[in-house]
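S.K.: Make a model of this:
(one chain, ligands or ions: 1)
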Amino acid sequence: MSPIISVSGLTKSYASGFTALKGIDLDINRGEIFALLGPNGAGKTTLISIICGIVNATSGTVSVDGHDTQTSYRAARSLIGLVPQELHTDSFETVWATVSFSRGLFGKPKNPALIEKILKDLSLWEKKDSKIIELSGGMKRRVMIAKALSHEPQVLFLDEPTAGVDVELRKGMWEVVRELRAKGVTVLLTTHYIEEAEEMADRVGVINKGEIILLEEKAKLMQQFGKKRLKLHLQNKIDAVPASLAPYNLELGKDGMELVYTYDTKSERTGITSLLGDLRENGIRFADLDTQQNSLEEIFVSLVRK
Ligand SMILES: Nc1ncnc2c1ncn2[C@@H]1O[C@H](COP(=O)(O)OP(=O)(O)OP(=O)(O)O)[C@@H](O)[C@H]1O
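M.R.: Purely as a prediction, here's the structure:
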């Protein structure tokens with residue numbers, strides 16, 4: 001299947017002379033949730049803004065479902081719903097009016113049944129006659145999503161959808177996004193919460209200093225870098241790892257009270273059984289143990305550092 005969004009050789013130099021994007025090539029597949037990660041100032045918003053036609057590229061091309069965003073701007077833009085980082089909408093309008101008006105902006109005929117469905121899907125139906133100013137922060141965010149969906153876009157861009165949103169609500173937002181995907185909407189989200197990408201994304205792109213430095217299916221990424229750590233909390237302090245245990249490359253931590261063994265979950269043998277046997281032989285006893293999966297966060301931090 002052809003990608004729904006195709007970005008090719010995209011560069012952006014701002015008037016200040018600063019180059020925010022340095023030749024981005026990126027395809028977004030139909031129906032996927034794509035998470036774009038990157039530190040502050042990496043170029044995420046610039047990239048989204050160019051795809052949505054809000055900012056002009058210096059060079060390169062973007063097409064949305066085959067429509068070039070330069071030469072067929074209206075056709076391309078009508079396929080996109082954008083939920084910007086900042087919430088700005090008329091505080092004194094009602095939810096219903098705000099969302100209906102957004103649809104009108106795209107020149108689409110009125111469709112009250114559709115607006116009703118969107119509001120119900122986003123649990124906003126009971127608030128349809130409330131003024132925006134009367135809503136909680138989380139509800140306001142959902143109104144922004146309702147607005148972006150009002151003209152039936154095929155792709156939804158969420159620029160940091162859960163920044164400053166509490167844990168409960170964040171999970172609610174993830175649910176909303178998953179439901180959208182189930183209905184066939186492609187979702188591109190930027191986030192600082194790696195947990196969010198880990199939880200939701202089908203594919204992850206990492207951008208740093210205007211360049212895509214990683215593009216991978218999340219599951220593969222987790223597997224590729226997927227080392228596990230076994231942490232042994234010792235009963236008695238040891239000063240050094242005995243020489244006979246050198247092959248395990250153990251790390252001694254926490255004032256000699258903790259041994260950490262890193263192993264590969266994919267390999268045939270983890271080495272855990274023999275490690276535990278060898279520890280016993282060396283008279284090292286432990287009070288407790290736990291294992292930890294390397295998280296996407298660790299993968300991300302090590303990549304950006306490099
Ligand atoms: N209008 C502008 N003029 C000059 N430089 C700009 C302009 N807009 C953005 N930049 C610069 O381009 C770089 C990328 O900014 P951008 O907003 O795309 O980053 P981001 O990845 O979205 O960051 P954040 O995570 O902080 O939102 C930054 O260094 C920023 O200062």
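
S.K.: my read: residue 60 touches residue 9, true?
M.R.: Yes. If you go by CB atoms under 8 Å, residue 60 and residue 9 touch, sitting 4.0 Å apart. Where you see a C-beta, it was placed from the backbone N, CA and C, and this is true even at glycine.

S.K.: Next, show the common contact partners of those two.
M.R.: Residues touching both residue 60 and residue 9 (CB atoms under 8 Å, 6 or more residues apart in numbering): 23-24.

S.K.: could you pull out the strands for this structure?
M.R.: Residue ranges of the strands in the chain, as given by DSSP state E, are 5-13, 19-28, 33-37, 59-64, 67-68, 80-83, 155-159, 186-191, 203-208, 211-217, 227-234, 251-253, 258-264, 286-293.

S.K.: For the helix or strand bottoming out on mean pLDDT in the chain, give me every contacting residue.
M.R.: The helix or strand of the chain with the lowest confidence, counting by mean pLDDT, DSSP states H and E, is helix 296-305 at a mean of 70. Residues from elsewhere that reach helix 296-305 (CB under 8 Å, 6+ apart): 37-39, 194-195, 197-198, 204, 206, 208, 213-214, 218, 221-222, 225.

S.K.: got a pLDDT number for the nearest residue to residue 25 once chain neighbours are set aside?
M.R.: In space, and not counting its chain neighbours, residue 25 is closest to residue 8: 5.6 Å by CB to CB, 6 or more residues apart in numbering. pLDDT for residue 8: 96.

S.K.: burial of residue 8, as a residue count?
M.R.: Residues near residue 8, counting by other CB atoms under 10 Å, number 13.

S.K.: Any figure for the gap between it and residue 51?
M.R.: Shown here: residue 8 relative to residue 51, a distance of 12 Å by CB to CB, to the nearest Å.

S.K.: what sits in contact with each of the two?
M.R.: Shared contacts of residue 8 and residue 51, defined by CB under 8 Å, 6+ apart, are found at residue 62.

S.K.: sorry, back to before: for the residue nearest to residue 25, give the beta-bridge partners.
M.R.: residue 61 (DSSP bridges).

S.K.: can you tell if the least confident helix or strand of the chain touches the ligand?
M.R.: No. Applying CB under 6 Å from any ligand atom, one finds helix 296-305 out of contact with the ligand, separated by at least 11.9 Å.
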